[in-house]
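1. show me the folded form of this:
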Amino acid sequence: MKGTCWLNSQDGRCEVNINGATLKSECCATLGAAWGSPCERCEIDPACPRGYARMKGVTCEDVKECDVFPGVCPNGRCVNTAGSFKCECPEGLTLDGTGRTCVDVRVEQCFLKWDEDECTGQLPGKYRMDMCCCSVGAAWGIDSEECPKPESDEYRTICPRGPGFANRGDILSGRPFYKDVNECKVFPGLCSHGTCRNTIGSFRCNCESGFALDSEERNCTDIDECRISPDLCGFGTCVNTPGSFECECFDGYESGFMMMKNCMDIDECERDPLLCRRGSCINTEGSFECICPPGHELTAEGNACIDVNECSLSDNLC
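-> You can find the predicted model right below:
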């Protein structure tokens, strides 16, 4: 009869189900500390050495752990040996303290975006794969590997606590300590033109004036006021600037003060009392007009009135 094989047993409680149902003899001769449901502590069979189980009540045979416990070497390959087994890790991975799990302790580049083998948004510094992919990363490593999808088994392996949590303990000890990633401290390049605020499992960007969150809500991008409001400057041309805009006003107009940047008419008559000497100054949109009294005419510049020399106009006046 097969039952549950438990890795640990303490104070009557059994913990860590080792991959499905096994025979009691195979469980207790290898990795198991307890077996069954409800569980009972394993007893050592004095007739067989460790790694061997009594088959058909007589013969002690080697337990093929790789077959009995499929998946016993996460991220690695299980190789059966006489009375035991070993886990072999692919290049770049290292066995942890348990000797059964291959972990990635490399530190490489982390990217915010991944699109068909093209990575963008490289963050400053280098990070472990779990620190990158369990938090803000979409790709990782010198080969720009796409991070596992959140619903995949690979993601659940490297991010068992879900998004925003990573192993903050000694990853090789086999005793992981999963803790919230403070993205604001770990990834100082986040929230450009804004203030980063850590939250449990994530973070938020509070943008500066003139900036708004991008579609991924990880950075603040400039608001193009000129595109949003084409008539923003009125009698002038709107020029977008980082976090703001400027108005290049047409002749006869000027930008207002403080927040009033739209172009307003210049009252030339009020600004320059000497305009239209010997006449009356009339302000108009974008300009002014001089009205001269009888016997006077405008100068060529159109900004003053001069006396008309009637005598020079006709020899027959007098």
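
2. mind checking the SS state of Glu43?
-> Following DSSP: H, G, I helix; E, B strand; the rest coil, we place Glu43 in the coil state.

3. count the neighbours of the nearest residue in space to it that is not next to it in sequence for me.
-> Nearest non-adjacent residue to Glu43, counting by CB to CB, 6 or more residues apart in numbering: Cys28, 6.8 Å away. Bear in mind the C-beta positions are built from the backbone N, C-alpha and C, glycine included. Cys28 is flanked by 21 other residues according to other CB atoms under 10 Å.

4. I'd say Cys28 and Gly36 touch.
-> No - judged on CB atoms under 8 Å, Cys28 makes no contact with Gly36 at a distance of 10.3 Å.

5. mind listing what's buried along stretch 12-22?
-> Neighbour counts over stretch 12-22 (16 or more other CB atoms under 10 Å) mark 14, 18, 22 as buried.

6. just checking, what packs against the helix or strand where the first one lies?
-> Following DSSP states H and E, one finds Cys14 within strand 13-23. With contacts defined as 3 or more CB pairs under 8 Å, 6 or more residues apart in numbering; DSSP states H and E, the packing partners of strand 13-23 are strand 2-10.

7. point out where the protein drops to low pLDDT.
-> For the chain, applying pLDDT under 70 flags the ranges 168-176, 257-259, 317-318.

8. returning to what we had before: partner strands of the strand holding Cys14 and their direction?
-> Strand pairing for strand 13-23, determined by DSSP bridges: strand 2-10 (antiparallel).

9. tell me the buried residues in the strand it pairs with?
-> Neighbour counts using 16+ other CB under 10 Å place 3-7, 9 of strand 2-10 among the buried residues.

10. for these, which one is nearest Cys281?
-> Leu7 (95.9 Å; CB to CB).

11. in contact with the closest one: list those residues for me.
-> Contacts here follow CB atoms under 8 Å, 6 or more residues apart in numbering; on that basis Leu7 touches 15-18, 31-33.

12. what secondary structure does Thr237 sit in?
-> For Thr237, the secondary structure call by three-state DSSP comes out as strand.

13. thanks a lot, see you next time.
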